[in-house]
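> Sequence and predicted structure below; questions after.
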Amino acid sequence: MSLPLTEEQRKKIEENRQKALARRAEKLLAEQHQSPGSGSSIATNSSQSKQGPPPNLPRDPSKPVNHGVVFLQQNLNSSSNGNQRPPNFHSFHLSSPGQAKGIGKRQEDVSPACPPPEVPTQQLLGGTLGQGHPQSFQKTLAPFFRQPPRDPGVEAKAARPCTSGQNISDTNCGSGSATPGTEGRRPQKLGASLHKAGSSQKGMCIRSGGRFQVKIGYNAELITVFKRLPSRSYDPATKTWNFSMTDYGALMRAAQSLPTVTLEPLEGAEDSRESLSTGGVAHTCLPSAPSLAFVKGQCVLISRARFEADIGYSEDLMALFKQMESRSYGNHTALSFFLVQSVRCLPQVQLDPLPTTLTLAFASQLEKTSPCLTEPIPEADLSGVDPKLVSNLLPFQRAGVNFAVAKRGRLLLADDMGLGKTIQAICIAAFYRKEWPLLVVVPSSVRFTWEQAFLQWLPSLSPDRINVVVTGKDRLTAGLVNIVSFDLLSKLEKQLKTPFKVVIIDESHFLKNIKTARCRAAMPLLKVAKRVILLSGTPAMSRPAELYTQIIGVRPTFFPQFHAFGLRYCDAKRQPWGWDYSGSSNLGELKLLLEEAVMLRRLKCDVLAQLPPKQRKMVVIAPARISTKARAALAAAAKEMTTMNNTKRQQKEALLLFFNRTAEAKIPSVIEYILDLLESGREKFLVFAHHKVVLSAITRELERKQVPHIRIDGSTSSADREDLCQQFQLFEKHAVAVLSITAANMGLTFSSADLVVFAELFWNPGVLLQAEDRVHRIGQASSVSIHYLVARGTADDYLWPLIQEKIKVLGEAGLSETNFSEMTEATNYFYEDPKQQKIYDLFQQSFEEEGSDMELLEAAESFDPGSASGAPGSDSQDLGDSVDEITSTGSPVKKRRFEFFDNFDSFMFPL
Ligand SMILES: Nc1ncnc2c1ncn2[C@@H]1O[C@H](COP(=O)(O)OP(=O)(O)OP(=O)(O)O)[C@@H](O)[C@H]1O
């Protein structure tokens with residue numbers, strides 16, 4: 001540790017430094033006289049400028065401004081070399097808050113070229129680095145990053161242009177006693193035109209939409225400037241150049257340094273966000289070198305406590321960085337503040353600060369005096385939530401609930417698929433039960449699955465308090481828990497008189513496009529709700545732009561303008577037709593932001609040890625999808641089964657018909673579910689069905705949607721089976737294997753998928769288990785998900801309990817470890833009616849009889865789809881009258897649904 005300097009030593013050093021500065025200034029002045037009209041002599045003498053005082057050397061605040069320093073600035077301003085340094089740099093040779101105080105004072109006293117920051121440095125460093133005024137720090141720091149308009153008086157002074165033709169005191173652009181000769185001068189603002197020689201060419205900046213144009217005659221030097229600005233665009237029709245506002249500050253600074261050009265600034269440009277973000281005011285009086293070697297960059301967050309300056313090479317900047325590296329601040333974010341502030345004074349450097357959103361999101365981090373990276377999330381008090389639910393939470397699910405409560409009930413829960421987002425969401429919502437009624441917005445194919453989940457996990461909730469909205473005529477607020485599909489929400493939201501305080505959105509990436517009706521309906525609800533629980537296993541499937549609505553859904557104050565988000569994270573580029581936001585940029589920072597303030601995401605592999613090898617789910621598919629015709633056919637078949645005088649044979653035939661009609665009736669709902677899975681980002685999965693009519697309807701729809709798929713049924717030869725199986729295994733992207741339950745339930749390996757969907761039930765559980773094991777086998781590293789699609793009012797009402805019963809018996813005999821019972825707890829809708837009991841008995845007898853399998857298989861095989869011509873599902877128009885918007889829009893949208901993001905996690909979790 002070095003010993004502190006004595007007061008005397010410090011004085012001596014300061015005196016020597018001042019002398020050196022004065023000597024240097026004199027030398028520079030002499031050189032300038034030798035080469036009149038140009039500052040290039042200084043610029044070419046780069047060694048001198050290097051030898052000069054470092055930009056951050058402190059000046060004695062008690063002394064008047066040294067003319068040598070001011071002069072130095074003048075010369076530097078007109079220098080042609082990028083090495084010039086502002087003479088009045090804020091010192092950041094600091095290691096203690098006490099020293100920091102001194103700096104703030106200096107800054108007030110003399111800061112001719114750089115306007116004083118809105119946040120006094122002592123507040124930043126003293127408050128942050130140990131004095132402990134977190135609140136004032138937070139309050140003051142955030143506006144700094146936003147760079148709000150400065151004090152107009154100071155601004156005017158700071159913005160005064162410096163010209164090579166002015167006398168020394170004029171060029172000072174500063175305030176008070178330090179700048180004699182400035183009184184009475186009309187203050188100028190950002191971009192104010194220079195008062196140049198009468199011969200200079202005059203032009204003006206004019207707003208044009210979100211950009212600005214420069215109206216001026218031909219000027220070669222100016223064209224050179226234009227060509228260096230990243231956002232430049234030339235309009236041959238009007239023969240004018242136009243630019244984004246982000247380049248406004250840089251252009252004006254460059255123009256000011258050109259003796260042959262006078263540019264009138266934009267009206268009101270000094271107030272615009274864009275110009276402020278360029279550090280505009282600060283630079284106005286710092287003309288850049290004729291070389292125009294701008295270095296432009298931005299601060300980017302690279303960890304919760306560190307940022308990096310993403311910027312090209314500049315010697316001045318390097319010198320500055322070296323100085324900063326030697327600092328011993330405990331808080332790197334404070335350093336960011338300081339760095340950006342300091343860099344504002346480098347005339348040819350434009351370093352954009354961290355966006356306000358980041359500083360707000362990491363505000364608690366900023367308050368810290370030491371970079372403690374992770375704080376434990378407190379355990380939420382779940383004593384008010386149903387014990388059944390709480391006790392069933394897996395440890396990572398419990399952690400998810402804690403996270404949500406720590407975020408005051410606003411989050412995007414982005415756990416991998418199948419990790420139990422439903423149970424977590426219900427628990428989080430139940431934590432805020434006093435604020436209910438609750439709104440649950442879901443894809444229409446899973447409305448009833450959600451109802452089941454509430455019944456299963458919240459026994460304290462009476463079933464009649466759950467309102468599943470089925471048609472556009474239903475009330476959205478009829479229940480304590482209201483479950484509605486995205487498309488119906490957009491029809492019904494006008495009903496809402498009082499907003500919901502607690503809202504769950506399942507598959508929240510359905511809101512990714514702000515222009516859709518579903519998004520327009522949901523976003524205002526999220527804005528006013530107190531708790532917002534967004535759920536998605538794939539929040540963005542192709543690009544960061546898709547995250548925007550979900551981010552602002554959770555945190556409406558983040559990035560109020562999409563354009564700002566687009567510029568930072570979507571690599572926004574201006575194209576002749578408008579802005580292109582399809583790219584990506586600063587993804588590491590976006591990930592940090594999401595994790596800090598918006599999102600919780602766990603992958604299956606993170607929590608594998610806590611998961612069972614198979615996770616089964618009963619999906620109650622929407623009865624509304626079953627057409628009236630199919631419903632009538634089902635009712636007729638059911639009636640036949642219970643007709644008293646029918647023979648056994650007739651009853652059996654009726655049962656087979658009932659079974660076949662069930663297949664037909666389920667088709668639209670099955671297809672809808674598969675499409676929802678694809679839209680939700682499920683990449684590879686198997687769909688098992690039994691009836692040809694179902695298999696064909698599915699493959700037809702996949703063909704229509706251009707989804708890669710294979711099909712294996714009874715007609716597929718053994719050789720082809722193996723080939724198809726290999727094809728599926730090797731598919732790198734999304735693909736669906738459409739398989740017959742009886743023809744493809746054994747001997748095939750599909751371990752590259754981890755999801756199996758049963759579009760139909762089969763009476764023999766052994767066959768189902770074998771089919772499940774096509775994915776759950778050696779080579780499968782993941783926990784696999786099994787979804788059984790069950791439709792009420794069909795043969796499934798009988799087949800499902802039949803399967804449970806058989807499994808139970810096998811389990812009791814030690815022949816099966818499989819337990820389906822967890823899924824069926826809530827399905828207590830069977831057999832209150834004696835007729836239903838009769839049908840169940842019939843099913844039981846029929847399927848237990850010797851040879852029943854063969855008979856049923858033949859019946860299914862020979863079931864003539866022609867008899868169901870125009871049957872639901874045979875035509876995609878029959879997908880239902882409430883098909884979600886995305887499936888019912890034109891073909892370009894349909895095509896895009898399947899442009900899946902190859903590797904979402906490499907984006908969300910870059911290595
Ligand atoms: N703690 C738990 N106890 C018992 N079953 C659970 C638990 N967590 C999840 N499950 C079951 O796991 C299955 C998958 O859960 P869920 O559907 O909520 O997953 P998800 O994350 O929403 O998946 P997806 O993104 O595919 O919709 C369901 O059957 C659910 O009941």
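Okay, I see it.

> Give the helix, strand or coil label for whichever residue of the stretch 151-300 of the chain sits closest to the ligand.
Closest to the ligand within the stretch 151-300 of the chain is residue 300: 31.5 Å, counting by Cβ to the nearest ligand atom. For glycine as for every other residue, the C-beta is placed from the backbone atoms N, C-alpha and C. Counting by DSSP: H, G, I helix; E, B strand; the rest coil, the backbone at residue 300 sits in strand.

> tell me the contacts of it?
Going by Cβ atoms under 8 Å, 6 or more residues apart in numbering, residue 300 touches 307-310, 354, 586, 588-589.

> Using JSON lines, lay out these together with neighbour count, distance to the ligand and pLDDT.
Shown next, in JSON lines, are these (neighbours: other Cβ atoms under 10 Å; distance: Cβ to the nearest ligand atom, whole Å; pLDDT from 0 to 100):
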{"residue": "307", "neighbour count": "23", "distance to the ligand": "34", "pLDDT": "72"}
{"residue": "308", "neighbour count": "16", "distance to the ligand": "35", "pLDDT": "73"}
{"residue": "309", "neighbour count": "19", "distance to the ligand": "39", "pLDDT": "72"}
{"residue": "310", "neighbour count": "16", "distance to the ligand": "35", "pLDDT": "74"}
{"residue": "354", "neighbour count": "21", "distance to the ligand": "33", "pLDDT": "80"}
{"residue": "586", "neighbour count": "21", "distance to the ligand": "27", "pLDDT": "89"}
{"residue": "588", "neighbour count": "13", "distance to the ligand": "25", "pLDDT": "87"}
{"residue": "589", "neighbour count": "23", "distance to the ligand": "27", "pLDDT": "87"}
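
> Return the subset of those lying in helices.
Using DSSP state H, the members of the contacts of residue 300 that fall within helices are 588-589.

> Arrange the contacts of residue 300 in CSV, one row each, with distance to residue 757 as further columns.
CSV is the format used below for the contacts of residue 300 (distance: Cβ to Cβ, whole Å):
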residue, distance to residue 757
307, 46
308, 45
309, 50
310, 45
354, 45
586, 38
588, 36
589, 38
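
> Tell me how many other residues crowd residue 707.
Residue 707: 18 surrounding residues under other Cβ atoms under 10 Å.

> so what pLDDT did it get?
pLDDT recorded at residue 707 is 93.

> what do you get for residue 261?
pLDDT recorded at residue 261 is 85.

> thought it was touching residue 221?
Yes: the pair residue 261 and residue 221 qualifies as a contact (Cβ atoms under 8 Å) at a distance of 6.9 Å.

> neighbour count winner among the two?
Taking neighbours as other Cβ under 10 Å, residue 261 and residue 221 compare with residue 261 leading, 22 against 17.

> which ones are touching the more buried one?
196, 200-201, 203, 216, 219, 221-222, 255.

> Please list the members of these that lie in helices.
Taking DSSP H, the ones among the contacts of residue 261 that sit in helices are 221-222, 255.

> can you tell me if the longest helix seen in the chain touches the ligand.
Counting by DSSP H, the longest helix found in the chain is helix 648-679. No: Helix 648-679 lies apart from the ligand when judged by Cβ under 6 Å from any ligand atom; the minimum separation is 7.8 Å.

> Tell me the spatial nearest neighbour of residue 461, not counting adjacent residues.
Nearest residue to residue 461 in three dimensions, chain neighbours excluded: residue 454, at 5.9 Å (Cβ to Cβ, 6 or more residues apart in numbering).

> Just give me the neighbour total for that neighbour.
25.

> circling back to that earlier point, what's the farthest-apart pair in the contacts of residue 300?
The most widely separated members of the contacts of residue 300, counting by Cβ to Cβ, are 309 and 588 (14.5 Å).

> any chance of the ones in helices among the contacts of residue 261 in a markdown table, plus pLDDT and distance to the ligand?
Output for these, formatted as a markdown table (pLDDT from 0 to 100; distance: Cβ to the nearest ligand atom, whole Å):
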| residue | pLDDT | distance to the ligand |
| --- | --- | --- |
| 221 | 83 | 59 |
| 222 | 87 | 56 |
| 255 | 83 | 55 |
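
> lowest-pLDDT helix or strand in this protein?
Lowest on mean pLDDT, DSSP states H and E among the helices and strands of the chain sits helix 67-77, with a mean of 22.

> residues in contact with residue 545?
Residues near residue 545 by Cβ under 8 Å, 6+ apart: 512, 565-566, 569-570, 581-582.

> Could you rerun that using 7 Å?
566, 570, 581-582 (Cβ atoms under 7 Å, 6 or more residues apart in numbering).

> Under a three-state scheme, what state does it occupy?
helix.

> Repeat that for residue 788.
Going by three-state DSSP: residue 788 is strand.

> which strands and helices sit next to the longest helix of the chain?
Where contact means 3 or more Cβ pairs under 7 Å, 6 or more residues apart in numbering; DSSP states H and E, helix 648-679 is packed against strand 614-621, helix 628-642, helix 692-704, strand 784-791, helix 834-848, helix 852-862.

> What's the first helix or strand after it?
Per DSSP states H and E, the first helix or strand lying C-terminal to helix 648-679 is strand 684-689.

> what sits up against that next one?
674, 677, 695, 698, 731, 734-741, 750, 752-753, 755-760, 771, 774-775.

> about what we covered before: type out the ChimeraX command that picks the buried ones from the contacts of residue 545.
Selecting just the buried residues from the contacts of residue 545 in ChimeraX takes one command, with 16 or more other Cβ atoms under 10 Å as the test:
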select :566,570,581
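
> Among the contacts of residue 545, name the ones in helices.
Of the positions in the contacts of residue 545, residue 566 sit in helices, assigned by DSSP H.

> can I get the contacts of residue 545 in CSV with distance to residue 837 and pLDDT?
Conversion of the contacts of residue 545 to CSV gives the following (distance: Cβ to Cβ, whole Å; pLDDT from 0 to 100):
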residue, distance to residue 837, pLDDT
566, 61, 93
570, 60, 91
581, 59, 92
582, 58, 88
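
> hmm, back to that, sort out for me which of the contacts of strand 684-689 are in strands.
Mapping the contacts of strand 684-689 onto strands (DSSP state E) picks out 735-740, 755-758.

> Quick check, residue 411 in contact with residue 404.
Yes: between residue 411 and residue 404 there is a contact under Cβ atoms under 7 Å: 5.0 Å.

> Now do the shared contacts for these two.
The overlap between the contact sets of residue 411 and residue 404 (Cβ under 7 Å, 6+ apart) consists of residue 533.

> so who does the residue nearest to residue 244 when sequence neighbours are not counted touch?
Nearest residue to residue 244, sequence neighbours excluded (Cβ to Cβ, 6+ apart): residue 231, at 3.5 Å. The contact partners of residue 231, by Cβ under 7 Å, 6+ apart, come to 243-244, 246-247, 574.
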